[in-house]
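**Q** Sharing a sequence plus its predicted fold:
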Amino acid sequence: MLELKNINYSVKNNDNLVQILNNINLTFNKGITVITGQNGTGKSTLIKLIMNLINPTAGKVFYNGLDITDLTIDEHANLGFTLSFQQPIRFKGITVRDLLNIANSKNNKLSDACEYLSKVGMCAKDYIDREVDGTLSGGELKRIELAMALAKGGEVFLFDEPEAGIDLWSFDDLISIFKNLQDKIVIIVSHQEKIIQCADKVVVLDNNGYNVYNHIEALDKIKKAQCGKLGGKNE
Ligand SMILES: Nc1ncnc2c1ncn2[C@@H]1O[C@H](COP(=O)(O)OP(=O)(O)O)[C@@H](O)[C@H]1O
Ligand SMILES: [Mg+2]
């Protein structure tokens, strides 16, 4: 179980203190939690706080009772935390296979590398020896990033907008990746209705704070909020 207790995050901006997250108390259990909300409400900040890429101004993060607030990113990785960044690193001469081997240094079996690629909807034979350079599209890079997360494995998976750049790819493939991770703690920042639909829990951030819903309530709230914006009746 992952717990955020009284998490606050503020930054200094031209001598003003800007509060980005205020008194967040959340529990993440095994299964899928989707974090959603309008741009700028602090979703990515929350993910970064969990991994300690940024340190909270106040509050603590616990994993199975252990205070992990100040652990380094390597220490998080050793505990089984896997963060899927927007895009994988690109280095000239580095192939897709190299990246998958780096992600899972214990197992360099070609058959496993191919399986991770097919799980993200890529034909292994076409991609395994491709260089990860400017010739890959954004969507392809995104899928390679997801394949790396699968190769890395772990207990806690964090995905920040995994749908970005994969519009042409069948969403069902993406959903099945998440569903296969259901015995892990999976936290996904997403705006996509189909991803929200497969969540066990949905955290909706807004400028005033946050609420926790099941996916039916969450989609209902989001639709009502959209109607409100379009001038329709809200509530
Ligand atoms: N270091 C920073 N300095 C100033 N503002 C920041 C900083 N980090 C984040 N913010 C602001 O905090 C808000 C939340 O950012 P972010 O977590 O990236 O939002 P989201 O992922 O929900 O779109 C945004 O308004 C962003 O501009
Ligand atoms: Mg973001």
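**A** Great, that's in hand. Ligands and ions are numbered 1, 2, ... in the order given.

**Q** Could you check how far residue 172 is from residue 195?
**A** Taking CB to CB, to the nearest Å as the measure, residue 172 and residue 195 are separated by 11 Å. Heads up, the C-betas are built off the backbone N, CA and C, glycines and all.

**Q** Also residue 211?
**A** Looking at residue 211 against residue 195, where the rule is CB to CB, the gap reads 18 Å.

**Q** Looking at the two, which one has more neighbours?
**A** When neighbours are counted by other CB atoms under 10 Å, residue 211 and residue 195 differ, and residue 195 comes out ahead with 24 against 14.

**Q** buried ones in whichever strand or helix holds residue 19?
**A** For residue 19, the host element (DSSP states H and E) is strand 16-28. Along strand 16-28, the positions that meet the burial threshold by neighbour count (16 or more other CB atoms under 10 Å) are 20-22, 24, 26, 28.

**Q** Now flag whichever of these is closest to residue 114.
**A** The shortest separation between residue 114 and any of the buried residues of strand 16-28 is 31.4 Å, and it belongs to residue 28 (by CB to CB).

**Q** for the closest one, what are its contacts?
**A** Shown here is residue 28, whose contacts under the criterion CB atoms under 8 Å, 6 or more residues apart in numbering are 1-3, 156, 185, 187, 201.

**Q** Which of those are buried, as a PyMOL select command?
**A** This is how PyMOL selects the buried members of those, with burial counted by 16+ other CB under 10 Å:
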select buried, resi 2+3+156+185+187+201
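
**Q** The contacts of residue 28 in strands, which ones?
**A** Mapping those onto strands (DSSP state E) picks out 2-3, 156, 185, 187, 201.

**Q** residues in contact with the residue nearest the centre of the chain?
**A** The residue at the geometric middle of the chain, judged as the C-alpha nearest the mean C-alpha position with CA atoms, centre = their mean, is residue 159 (1.3 Å). Applying CB under 8 Å, 6+ apart, one finds that residue 159 lies in contact with 84, 146, 149, 186-190.

**Q** right, and the helix or strand after the helix or strand containing it?
**A** Per DSSP H and E, residue 159 falls inside strand 156-160. Stepping forward along the backbone from strand 156-160, the first helix or strand reached (DSSP H and E) is helix 171-180.

**Q** between that next one and strand 156-160, how big is the angle?
**A** Inter-element angle recorded for helix 171-180 and strand 156-160: 150 degrees (by axes from the mean of the first three to the mean of the last three CA atoms, to 10 degrees).

**Q** related to what we said a few turns ago, please tell me how far the residue nearest to the centre of the chain sits from residue 111.
**A** 25 Å.

**Q** related to what we said a few turns ago, filter the contacts of residue 159 by proximity to ligand 2?
**A** When CB under 5 Å from the ion is applied, no member of the contacts of residue 159 is adjacent to ligand 2.

**Q** May I see these organised as CSV, with pLDDT added?
**A** CSV is the format used below for those (pLDDT from 0 to 100):
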residue, pLDDT
84, 84
146, 89
149, 91
186, 97
187, 97
188, 96
189, 95
190, 93
